[in-house]
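**Q** below: sequence and its predicted model.
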Amino acid sequence: MIEVEDRGRVRVLRLARPPVNALDPALLARVAGEIHDAPSAGIGACVLTGSPGMFSAGLDVVHLLGLDRDGLVSALGTFFDAMEALAASRLPVAAAISGHAPAGGAILALFCDWRVMAEGDFIIGLNEVQIGLPMPDVVAGLLSRTVGYRHAEELAVSGRLLTPAAAAAIGLVDEVAPADAVLERALAWCEGIVRLPARAVAATRATTRSDLIELVRRSRSADVERLSREWEHPEAQAVLRATVDRLKSRSAGR
């Protein structure tokens, strides 16, 4: 589910849930747990990555559609746990975006300190409205913090997905690199941070990321309640189930 590899003082956390690294509660819990536990192992920074061509396709919609209201609330809570773990991580975390990263995949990457994305025919972005769901407050705030209000408004309302180059042009990702160099570029960024005075880095990150931590904690209750309610709306259910049927049809045709 997550493959762990230490490169000196940098720990690589590789999402490994084929075929698309869909984020179910078990995987999200592992993300939160690995991020939380890394400092006690003497690690100085982490890299979160995926498989070649696929960082993560986002939340596991098939799994979520099979849950009752209580199960859905619990699953969304686990997603918030992962968001908070990344936001409040004592260690810098770089995202090596190895391929597609729509929706929940983009959200995990945006909570990281640094993002490098693979060149190629890949997409990244926040397409909640395209699958029938309003954008949660936490995601809207995260997007505005990253790319500014004007770009955030357009991307949120349209659900438009971006190429790596377009994402880099507005700061959604920090760097674009050849696919076979993405992990090494993320590792290089982490290694540069690890060489800095650790106490100064930790104190400065605590200051500069305090708004991000507060955003997750402040938004959690209302966002989970709203999302669980909107999830059950007939419009959202129709779009979600049509999306799942389309994905299943594509998979069967391969």
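**A** Great, that's in hand. Numbers count the residues shown, from 1 in each chain.

**Q** off-centre distance for the strand or helix carrying Asp245?
**A** Using DSSP states H and E, Asp245 sits within helix 234-252. With CA atoms, centre = their mean, to the nearest Å as the basis, helix 234-252 stands 22 Å off its chain's centre.

**Q** show me what that helix is packed against.
**A** Secondary-structure packing of helix 234-252 (3 or more CB pairs under 8 Å, 6 or more residues apart in numbering; DSSP states H and E): helix 61-65, helix 210-231. (Glycine included, C-beta is placed from N, CA and C.)

**Q** need those in JSON lines with mean pLDDT, mean neighbour count and distance to Ser40, can you?
**A** Shown next, in JSON lines, are those (pLDDT from 0 to 100; neighbours: other CB atoms under 10 Å; distance: least, CB to CB, whole Å):
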{"stretch": "helix 61-65", "mean pLDDT": "95", "mean neighbour count": "17", "distance to Ser40": "31"}
{"stretch": "helix 210-231", "mean pLDDT": "97", "mean neighbour count": "16", "distance to Ser40": "20"}
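
**Q** want to throw those into CSV with distance to Trp114?
**A** Below are the helices and strands packed on helix 234-252 laid out as CSV (distance: least, CB to CB, whole Å):
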stretch, distance to Trp114
helix 61-65, 28
helix 210-231, 14
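
**Q** so which of these gets nearest Arg17?
**A** Taking CB to CB, helix 61-65 is the member of the helices and strands packed on helix 234-252 nearest to Arg17, at 10.9 Å.

**Q** and the gap between the nearest residue in space to Pro136 that is not next to it in sequence and Val73?
**A** Leaving aside its sequence neighbours, Pro136 sits nearest to Asp223 (CB to CB, 6 or more residues apart in numbering; 4.2 Å). Separation of Asp223 from Val73 (CB to CB, to the nearest Å) stands at 11 Å.

**Q** equivalent analysis for Asp113, please.
**A** Distance from Asp113 to Val73, by CB to CB: 30 Å.

**Q** more crowded one of the two?
**A** Neighbour count, other CB atoms under 10 Å: between Asp113 and Val73, Asp113 has more, with 20 against 15.

**Q** ok, the nearest residue to that one once chain neighbours are set aside - how many residues close by?
**A** Distances taken as CB to CB, 6+ apart put Pro92 closest to Asp113, at 4.6 Å, once the chain neighbours are dropped. With neighbours defined by other CB under 10 Å, the count for Pro92 comes to 23.

**Q** quick check: Pro92 touching Cys190?
**A** Yes. Pro92 lies in contact with Cys190 (CB atoms under 8 Å); the separation is 6.4 Å.

**Q** element containing the residue nearest the centre of the chain?
**A** When CA atoms, centre = their mean is applied to the chain, the residue found nearest the centroid is Leu108 (1.5 Å). Assigned by DSSP H and E, Leu108 belongs to helix 104-110.

**Q** backbone dihedrals for the residue nearest to Asp113, please?
**A** In terms of degrees, to the nearest 10, the main-chain angles of Pro92 are phi -60, psi 140.

**Q** check it and give its pLDDT.
**A** Note on Pro92: pLDDT of 98.
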